[in-house]
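# I need the structure of the sequence given here:
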Amino acid sequence: MTATVDGAAPQRTPLYDTHLEFGARMVEFAGWSMPISFAGIIEEHQHTRSACSVFDVSHMGRLVLTGSGAGPLLNRVCTRNLSGAEPGRSFYSNICREDGGILDDVIVSRFEDSWGLVCNASNRDKIVAWLDRHRQGTDVTLRDETAATAMLAVQGPRAIDAAREVANQDFSTLKRYHFRSFEFMGLRIIVYRSGYTGEDGLEVVLPAGAVRMLLPRLLGTKDKPHAVVRPAGLGARDTLRLEAAMPLYGHELSEEVDSLTADLAWCVDLSKDFIGAEPMRQLAARGLPRRRVGLEVEGRRIARQHAAVYADGRAMGTVTSGTLSPTLDRSIAMAYVEAGVSAPGTALEVEIGSKRAAAKVVKLPFYKRPAGS
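Okay, the predicted model is just below:
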């Protein structure tokens with residue numbers, strides 16, 4: 001096992017031993033020991049697109065806020081307008097600094113008597129500290145349930161059927177970004193219709209002590225694997241989200257990028273007051289100097305993060321993520337480029353190694369799942 005930057009051993013999710021049993025290749029990620037792959041990234045990617053994969057996402061932060069001030073607090077720190085949110089709904093949002101820089105992208109969920117917030121593993125301490133700072137003097141209790149729970153992402157066109165077999169519940173009626181809580185074998189289970197792959201699917205939160213007992217009902221065992229459902233790691237999760245043009249914190253998102261530049265205006269309500277709103281209002285009025293775009297790169301070499309993007313021989317931007325798309329069988333990337341060269345069809349060049357490869361701006365996302373799937 002590798003050590004983290006500060007010398008401490010990586011944390012283990014409740015499924016650490018299960019990953020080893022299934023032959024996972026483990027890596028340190030955001031302070032956690034996580035599976036990068038099982039059968040191989042491309043195979044896991046393609047299986048998710050065609051059938052169903054299970055991803056361990058227990059490393060992500062899971063916070064619970066209660067008290068009369070919880071809703072107003074979240075509405076103040078989140079870019080999304082959460083006023084009037086109905087129980088059973090989830091919302092993708094950003095949490096920003098005073099200058100509009102993104103502290104994290106999160107999922108906020110409205111329960112009957114509380115609010116839930118899922119944040120990135122690398123930002124959990126930062127978001128807890130941010131919420132602690134801004135809840136002072138209010139009726140808000142903050143509880144970190146990351147260690148007490150596990151979280152699975154069940155993704156792919158066969159995901160709903162697979163979950164029905166396990167829980168004997170019809171999740172096909174659950175709308176996107178809605179969730180359902182229920183009792184199963186005496187345990188409280190929360191199932192969200194959401195995910196990070198571009199496919200249909202569910203994200204499931206359950207008690208940490210029960211996940212290894214319940215997972216074989218969904219995944220089978222190493223000796224008797226499920227006919228349809230297979231485990232997948234962080235490698236396939238990254239290539240899947242990139243095809244779907246979903247931004248990743250530390251790549252497309254950071255404290256140096258605002259939500260509008262990141263092409264996330266749809267989760268920003270500039271008509272309400274939230275932390276970071278005024279700088280974004282001013283930016284919207286002036287016009288964006290740069291934009292997040294998709295690039296299709298000539299050839300099969302991969303454009304890496306931080307690679308320079310050129311137009312007419314002049315540096316005009318930087319790659320944030322790139323891969324050789326397993327689904328599309330071509331080199332794709334996301335980048336931030338100057339607004340003047342951000343229109344689809346614009347010819348650019350990307351620095352790959354010591355050479356430059358021809359590229360063009362394309363509409364995002366690169367991949368959309370077939371209608372009705």
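# Which single helix of the chain contains the most residues?
Longest helix of the chain, by residue count under DSSP state H: helix 124-135.
# Report the buried residues of that one.
124, 126, 127, 128, 130, 131, 134, 135 (16 or more other C-beta atoms under 10 Å). All C-beta spots, glycine's among them, are computed from the backbone N, C-alpha and C.
# Could I get those in TSV, plus columns for pLDDT and distance to residue 335?
Shown next, in TSV, are the buried residues of helix 124-135 (pLDDT from 0 to 100; distance: C-beta to C-beta, whole Å):
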residue	pLDDT	distance to residue 335
124	98	28
126	98	26
127	98	27
128	98	32
130	98	28
131	98	32
134	98	33
135	98	37
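# tell me which of those is nearest to residue 353?
residue 126 (34.5 Å; C-beta to C-beta).
# Tell me which residues touch the closest one, please.
103, 104 (C-beta atoms under 8 Å, 6 or more residues apart in numbering).
# distance of it from residue 331?
33 Å (C-beta to C-beta, to the nearest Å).
# Number of residues surrounding the residue nearest to residue 315 when sequence neighbours are not counted?
Spatially, and ignoring its direct neighbours in sequence, residue 315 is nearest to residue 308 (5.1 Å; C-beta to C-beta, 6 or more residues apart in numbering). For residue 308, the number of neighbouring residues by other C-beta atoms under 10 Å comes to 15.
# What of the one 4 residues further on?
Counted with other C-beta under 10 Å, the neighbours of residue 312 add up to 9.
# Could you do the one 5 residues further on as well?
Each residue near residue 317 was counted by other C-beta under 10 Å, and the total is 23.
# residues of the strand or helix carrying it that come out buried?
Assigned by DSSP states H and E, residue 317 belongs to strand 314-324. By neighbour count on 16+ other C-beta under 10 Å, the buried set for strand 314-324 is 316, 317, 318, 319, 320, 321, 322, 323, 324.
# Show me the contact partners of it.
238-239, 242-243, 248, 251-252, 290, 292-293, 295, 297, 300, 302-310, 330-338, 341, 348, 350.
# For the buried ones among those residues, write the corresponding PyMOL selection.
The following PyMOL line selects those of the contacts of strand 314-324 that are buried, judged by 16+ other C-beta under 10 Å:
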select buried, resi 238+239+242+243+248+251+252+290+292+293+295+297+302+303+304+305+307+309+310+331+332+333+334+335+336+337+338+341+348+350
